[in-house]
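Chemist: need coordinates for the following:
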Amino acid sequence: MTNQENLPSLREANKAIGQAVRPLGITVVAILMILFGLAEVATGFTHNFLGLISTAEATASTYGAAIIGSLYALGGVFLLTMKKWAAMFAEISLTVVVLGRITLVVAGLYPINSFLQTFSIIVGTAIAIFFAIYIALKWKLFR
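Modeler: Model prediction:
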């Protein structure tokens, strides 16, 4: 019997004993949220990301990026629990991440002085929006 043949029976066994069966997509989104959140926190404190993009060297920028990144990562950690309240927290945190990024750009704390900088902010924000939509579409999987 191969591993693929065991998969349905393992899922049924997990459900029977009350263990969560976390879909791969939710796991990937949660892990990426954690990684992206930690990267945002690091960028807030170092004011650059891989030497390619930067944030303003102001206290508000540091705290803003750190708070946004922390919420992003915490939402990912909670998402791994597969609980509805945790998914709601992840949705709220992603909303705050998107609004916070927009606020930091408008306030001039995320500079948009180069194509790469602007592109990175747009793509990063779009990814957060995609994650929020994905979680909403998978809502029925949370218990």
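Chemist: every contact and neighbour count from this point should use C-alpha atoms.
Modeler: Will do.
Chemist: now do the helices in this protein.
Modeler: Using DSSP state H, the helices assigned to the chain run over residues 3-16, 24-46, 59-79, 84-106, 115-137.
Chemist: show me what the third one is packed up against.
Modeler: This means helix 59-79. With contacts taken as 3 or more CA pairs under 8 Å, 6 or more residues apart in numbering; DSSP states H and E, helix 59-79 sits against helix 24-46, helix 84-106.
Chemist: same thing with the fourth one?
Modeler: Contacts defined by 3+ CA pairs under 8 Å, 6+ apart place helix 84-106 against helix 59-79, helix 115-137.
Chemist: which one of the helices and strands packed on helix 59-79 lies closest to Leu141?
Modeler: For Leu141, the closest of those is helix 84-106, at 8.6 Å, according to CA to CA.
Chemist: next, the buried residues of that closest one.
Modeler: 84, 86-98, 100-102, 104-105 (16 or more other CA atoms under 10 Å).
Chemist: chain center to stretch 91-100, what's the gap?
Modeler: 9 Å (CA atoms, centre = their mean, to the nearest Å).
Chemist: give me the contacts around that stretch.
Modeler: Identification of contacts with stretch 91-100 by CA atoms under 8 Å, 6 or more residues apart in numbering yields 64, 68-69, 71-72, 75, 125, 128-129, 131-132, 135-136.
Chemist: how near is Thr59 to Phe115?
Modeler: Distance of Thr59 to Phe115, given as CA to CA, to the nearest Å: 25 Å.
Chemist: about what we covered before: make TSV out of the contacts of stretch 91-100 and add pLDDT and neighbour count.
Modeler: Below are the contacts of stretch 91-100 laid out as TSV (pLDDT from 0 to 100; neighbours: other CA atoms under 10 Å):
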residue	pLDDT	neighbour count
Gly64	81	22
Ile68	92	24
Gly69	92	27
Leu71	95	25
Tyr72	95	32
Gly75	97	24
Thr125	94	19
Ala128	97	23
Ile129	97	16
Phe131	98	20
Ala132	98	21
Ile135	97	21
Ala136	97	14
